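S.K.: only geometry, no sequence info:
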């Protein structure tokens, strides 16, 4: 893997279970038959699955959850066509079906059943920091494009950036980008320091950064006007510099724990699980 | 036209002038030669122009503005390829070039030069009410899709709509849709009553309604989760019900007077032109 | 009453029950003794109670709720000192205690027990429209003060209103005031037309109008700067024109059904009581 | 001073000049007469001035600005009565008049005229970090009060904090408090490190932290309901825990550079002084 010879996928979501990873909600089931396991179920929105050599898969084992490393060349594993998405198209997603897939005990992550949720949550928490960082990246890119345009495009005899509206708005956004960057860096530093669940920073960073990306690119599209809405200006082939970011960014608020779930995670830290559930 | 035998286009925007329609900013120029006019210039983002039989065109005549009805079959009129846009693709837009186009005096809207800005603004004001109504329509559609989904989809053992977050958010949006509808209806009623510039309602309705459409469909995408982000779920062909609205809606904040220009229009009514310019 | 010879009060809230008017939450109890009722309990935040000749009081009768008209001169009725409030001080509020107050059957509103909740909700709904209208009034007053100040006060060599920030902000607020006014007028017109519960408009109008008042007066204080924060400028006795509105307005979001409860009412109309509770 | 034997005041604001500290806007003037200066003018909203032993005063000297240390016992110095303010009453403010006050050259801060603006801005920048920190303090206090109340108060048969609305809102606020804290600490660390103008962090920290304080305490008042609006509940003397913070916090958005001026400072860093002025 480290040599880049094989792509892996990570599969927790199902048609009827996404952020809700309680055992009773997970319909993919692995049943032990002596030394092997039989896996059945279906996963959805699985990133990289169309090109993956293996899929790390969350499945119910009895009434707990476990993680299995599933070779995609095994009999009974079937991948669907890539989903047609609005954006983020560089990351292919698709359904994956498991039909009586026979797995050895070695496939069981950690060697013992029942620890799947913890594995899943640790991976998702790490993923959230990455999505937060990606949000900052998209926000910064949109910000930079907007600043360049506002500083050169003229209307009503002056630069767009001479308008106080844009000055104040960009001052706000610059502050928010600074905030979002501090949040994900803090979460990442705690993770690097060995904390598997660097909360509440990871959840804060993910919801705040992904939301900001959508907000900022919306402003950038507005700053560019018609060109912001265009993939390409046919008259001279000018590419619309922010249209793709507009389409890409929204998924950040949704995947690897919706922003709603993350606020619940933060609230649980504030009020205690007894009150928040 | 009323029989639908010919499509018309309306052209005020240029590569370097959009909301800024001061005579000195308009680079399309008509020069009188005895009984005819010679038209030169270039227009951008002209809706319907790829299929239009005529283009009502704003041009500078001396140091004022005039409107001309330009037959697209005339020598010197050239239309570009449709622009590649993020959404709103049912409405084709393109550049239009005018090179020494010879126009008769009959082409001059209103028969006299110098009234072009008023014609343009009257048309744009009417257009704003339409965009406001379209914003309400998109917001309502996104709202309805979201309500249907939230009322049926389950997570954590209950309907999504059982979550107070969604209840309160949708209560807010319902209120805003009610507001947006009242605003455009009031503007439209005043227009029907003969008021050519039903301000500030037309500007209020346009910025508020177009913004709401973007806000609401963003929430609807969030409510649908992954499916909100999808054009189609490849596994079973399920169409993503709100993805197209997400891509379509943003242009409403931009065209026929950006929302920034409209706030300036409203502010001018509050503080007077002497202060606001 | 119509002649203004007597002030009445309306008492539903208790120390441990405010928006929550389920029978089991109401601790004020009336027990029937033959032809009379014995009333015991305590009410809180009762407007006008320090000067009222009677208090229309919500009490539990068996396991339902009833409304009683209680003469404040009756033995066992005791009113507390007016509460020390941040604002809205023209409307005195206080606790009211009932200790073995003997009431005749005539005191029972509507003549029959068990209809108290409906009476209470009808009154509260009417009250909400009034609070919405008061919110619009406070917002409009703050808006007018701000416009006057922004149009005359100079900084950096120009009127404050020459700043695009203030122009756009006031354009937003003007739009919101227009919305808030439409909402409460629509609710009021439906009420005048005989609809006792003109929902969702009454709830929309109340939460939107009361929130707007707080938002708008906050902006007005900001526009006035130091003087906005002052009750009086000691140097020359200039009164701070918006400080009182700042202190008064907040209660509008709280009383006669908190804005949170109202959003729940609206959501119930959207999703149905089965989902929202 | 360090021993606490004397209170000082800092005076830049005037009746007609607050954030606008351009020389032509400052009406307090010091004129050199041989070895002394004659000071005339009037300052406003001068914190601590009613109890100050000296006032560090910004004055115009020729067409530049200078700072003077003015002993309040000197002939011609007169302080006004403390202003009647909505909140922040622990910090007395008043007007200060200077009428032909004779100052020695030693009174001139830095020994040379013309550096007053830099002195003022350095002091104001430091002050902004302090206001940002105070904003965080008020926000945190209001947050803590709200959490305590939401965790114990019941309505509709459950703790207020069991409502998702409050959970999500407090998760947002916790994130914002984290952001505000990071911003002012970063500014302070840069200042401690010798940077006299640690921008944009100081301006970001001040506008963001002061705004957050107002936002958060508004929510806290809402969480407490009627008691949030009360200075004291007369029935039993219960103090309203957040009412004073509500009245205190608003000034943070106004003084030592309004939040509008600070956004301009940030924008100047983004777009350059040539565009933003």
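M.R.: Thanks, I have the structure now. These figures come from a predicted structure and were not determined experimentally.

S.K.: near chain D at all, the strand or helix carrying residue A:129?
M.R.: Assigned by DSSP states H and E, residue A:129 belongs to helix A:116-150. Yes: judged by CB under 8 Å from any CB of the partner chain, helix A:116-150 and chain D are in contact via A:147, A:150. Yep, even glycine has a C-beta here, placed from its N, CA and C like the rest.

S.K.: name the residues of that helix that come out as buried.
M.R.: A:116-117, A:119-121, A:123-129, A:131-136, A:138-143, A:145-147, A:149-150 (16 or more other CB atoms under 10 Å in any protein chain shown).

S.K.: now swap in stretch A:187-205 and tell me
M.R.: Buried residues in stretch A:187-205, counted by 16+ other CB under 10 Å: A:187-188, A:190-191, A:197-205.

S.K.: interface residues of the stretch 151-277 of chain A facing chain B?
M.R.: By CB under 8 Å from any CB, the part of the stretch 151-277 of chain A that sits against chain B consists of A:154-157, A:163, A:165, A:214, A:218, A:221-222, A:225-226, A:228-235, A:240, A:243, A:246-247, A:250-251, A:253-255, A:258-260, A:263.

S.K.: need the buried ones from the residues you listed selected in ChimeraX.
M.R.: In ChimeraX, a selection of the buried entries from these looks like this (16+ other CB under 10 Å):
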select /A:155,156,163,165,214,218,221,222,225,226,228,229,230,232,233,234,235,240,243,246,247,250,251,253,254,255,258,259,260,263
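
S.K.: so residue A:114 sits right up against residue A:60, yeah?
M.R.: No: in this structure, residue A:114 is not within contact of residue A:60 by CB atoms under 8 Å, at 10.5 Å.

S.K.: find the residues that touch each one of these two.
M.R.: Taking CB atoms under 8 Å, 6 or more residues apart in numbering or on different chains as the contact rule, residue A:114 and residue A:60 both touch residue A:66.

S.K.: okay, the two: which has more neighbours?
M.R.: Taking other CB atoms under 10 Å in any protein chain shown, residue A:114 and residue A:60 do not tie; residue A:60 has more neighbours (20 against 15).

S.K.: for that one, which three-state class applies?
M.R.: Look at residue A:60: counting by DSSP: H, G, I helix; E, B strand; the rest coil, its state is strand.

S.K.: which strand residues bridge it?
M.R.: With DSSP bridges as the criterion, residue A:60 is bridged to residue A:29, residue A:65.

S.K.: wait, what's in contact with it?
M.R.: A:23, A:26, A:27, A:28, A:29, A:30, A:66.

S.K.: go on, residue A:215?
M.R.: A:139, A:173, A:176.

S.K.: what residues does chain A put near chain D?
M.R.: Within reach of chain D by CB under 8 Å from any CB, chain A has these residues: A:147, A:150-151, A:159, A:161-162, A:164, A:167-168, A:170-172, A:174-175, A:178-179, A:182-183, A:186, A:200-201, A:204, A:207-208, A:260, A:262-264, A:266-267, A:270-272, A:275-276.

S.K.: residue A:31: neighbour count?
M.R.: For residue A:31, using other CB under 10 Å, the count is 13.

S.K.: that one - that's part of a strand, no?
M.R.: Yes: applying three-state DSSP, one finds residue A:31 inside a strand.

S.K.: before we move on, the earlier item: restrict the residues of chain A next to chain D to those near chain C?
M.R.: Among the residues of chain A next to chain D, chain C is touched by A:164, A:168 when using CB under 8 Å from any CB.

S.K.: inside strands: which ones of the residues of chain A next to chain D?
M.R.: Counted as lying in strands by DSSP state E, out of the residues of chain A next to chain D, are residue A:159.

S.K.: any quick PyMOL command for the buried ones out of the residues of chain A next to chain D?
M.R.: Selecting only the buried entries of the residues of chain A next to chain D in PyMOL, with 16+ other CB under 10 Å as the criterion:
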select buried, chain A and resi 147+150+151+159+161+162+164+167+168+170+171+172+174+175+178+179+182+183+186+200+201+204+207+208+260+262+263+264+266+267+270+271+275+276
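
S.K.: about what we covered before: who wins for neighbours among the contacts of residue A:60?
M.R.: Ranked by the number of neighbours (other CB under 10 Å), those place residue A:30 first, at 29 neighbours.

S.K.: that one touches residue A:38, doesn't it?
M.R.: Yes: Residue A:30 is within contact range of residue A:38, at 6.8 Å (criterion: CB under 8 Å).

S.K.: hey, what's in contact with both of these two?
M.R.: Joint contacts of residue A:30 and residue A:38 (CB under 8 Å, 6+ apart) are residue A:103.

S.K.: give me the domain ranges for chain A.
M.R.: Domain ranges of chain A: A:8-111, A:118-276, per automatic domain parsing.

S.K.: could those domains go into JSON lines alongside mean pLDDT?
M.R.: JSON lines is the format used below for those (pLDDT from 0 to 100):
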{"stretch": "domain A:8-111", "mean pLDDT": "95"}
{"stretch": "domain A:118-276", "mean pLDDT": "97"}
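
S.K.: could you dump the ones you listed into JSON lines with distance to residue D:6 added?
M.R.: Listed next are those as JSON lines, based on distance: least, CB to CB, whole Å:
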{"stretch": "domain A:8-111", "distance to residue D:6": "61"}
{"stretch": "domain A:118-276", "distance to residue D:6": "38"}
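
S.K.: nearest spatial neighbour of the closest residue to chain D within the stretch 1-150 of chain A, skipping sequence neighbours?
M.R.: Taking CB to the nearest CB, chain D has its nearest neighbour within the stretch 1-150 of chain A at residue A:147, 6.1 Å off. Nearest non-adjacent residue to residue A:147, counting by CB to CB, 6 or more residues apart in numbering or on different chains: residue D:270, 6.1 Å away.
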